[in-house]
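K.L.:
missing the sequence, but the structure's below:
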């Protein structure tokens, strides 16, 4: 081996070692979001996002163009609704959509080529010929992956709020009917409930009222920030009750009853959808397994006797 080969091998080994150290260090880092009262809540972005985010400033010239203004604003709202405010912004998210196929794509395609090339015989040759097609699909999936993650994160947070909302409304109703003020009841709930997505929104709304915003304004901000239809309906009813002078306890009782009915309706809907969702695994996994268990010994016995 010549000196040039040794130098190239040493540089490749050093690059691989440095990349491995960077990936390992990034994977062990813990990221937090700061709640309205100063507490920090652990919330981690996907590992590939964290690996590529330091490269996002290199695309500022592209993502800062006016063409992306409206999309960046919409993404900012969704990121806030997901609870990742401060960890990511709309411009960085758009940059990630370009960085995913540009940086991670070639590495995955190269790995795919090496794996297919290691296959023996004609199968390996045939798979290598399909690398360009698989590569295009990989680049497309990497480009769409950030949008898919954002949608899943928003749905997960909305589901968290949806599950907690009926119980919180029941507690608010009982507290207000027992004589507590609305804001005092919210503070009591925040003190004794474990912090979740709905608790974070209520805490931020409570702090906004403390710093001088009106209750209506704080409620509207919470509705806009969460982007949750059920919570929006509750906030709209509370704001109307405040404007018209209607008893908040009465409105809370109605909203709690409606949320309870919606919860039962969702449960009934999921129960009705269960047979349809079970059809695919029944046909493609369970039934073939039953046939293998029942007919497997018979077929083995036939093959053993030469039939």
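P.N.:
Received it, and whenever you're ready, just let me know what you need. All of these numbers come straight from a predicted model, not from anything done at the bench.
K.L.:
rest of the way, CA atoms for contacts and neighbours
P.N.:
OK.
K.L.:
Okay, residue 240 and residue 167: tell me how far apart.
P.N.:
In this structure, residue 240 and residue 167 are separated by 22 Å, where distance is defined by CA to CA, to the nearest Å.
K.L.:
Tell me the helix or strand right after the helix or strand in which residue 152 is found.
P.N.:
Assigned by DSSP states H and E, residue 152 falls within helix 131-177. Toward the C-terminal end, the helix or strand that comes next after helix 131-177 (DSSP H and E) is helix 182-192.
K.L.:
Report the buried residues of that following helix.
P.N.:
182, 183, 185, 186, 189, 190 (16 or more other CA atoms under 10 Å).
K.L.:
Could you let me know which of these ends up closest to residue 43?
P.N.:
Top of the list for closeness to residue 43, among those and by CA to CA, is residue 190 at 19.9 Å.
K.L.:
so the nearest residue to that closest one once chain neighbours are set aside is in which element?
P.N.:
Setting aside the residues directly before and after it, residue 190 is nearest to residue 199 in space (CA to CA, 6 or more residues apart in numbering), at 6.5 Å. Residue 199 belongs to helix 197-210 when assigned by DSSP H and E.
K.L.:
now the helix or strand just after that helix, how far from the centre of its chain.
P.N.:
Counting by DSSP H and E, the element after helix 197-210 in chain order, helix or strand, is helix 215-226. Relative to the mean C-alpha coordinate of its chain, helix 215-226 is positioned 23 Å out (CA atoms, centre = their mean, to the nearest Å).
K.L.:
What segments of the stretch 1-150 of the chain are helices?
P.N.:
If you assign secondary structure with DSSP state H, counting those that start in this stretch, the helices in the stretch 1-150 of the chain sit at 3-28, 47-52, 60-63, 69-82, 90-99, 105-117, 121-129, 131-177.
K.L.:
so of these, which one's packed in deepest?
P.N.:
Among the helices of the stretch 1-150 of the chain, the stretch with the highest mean neighbour count (mean count of other CA atoms under 10 Å) is helix 90-99, at a mean of 22.
K.L.:
Do I have it right that the residue nearest to residue 190 meets residue 191?
P.N.:
No. Counting by CA atoms under 8 Å, residue 199 stays clear of residue 191, with 9.9 Å between them.
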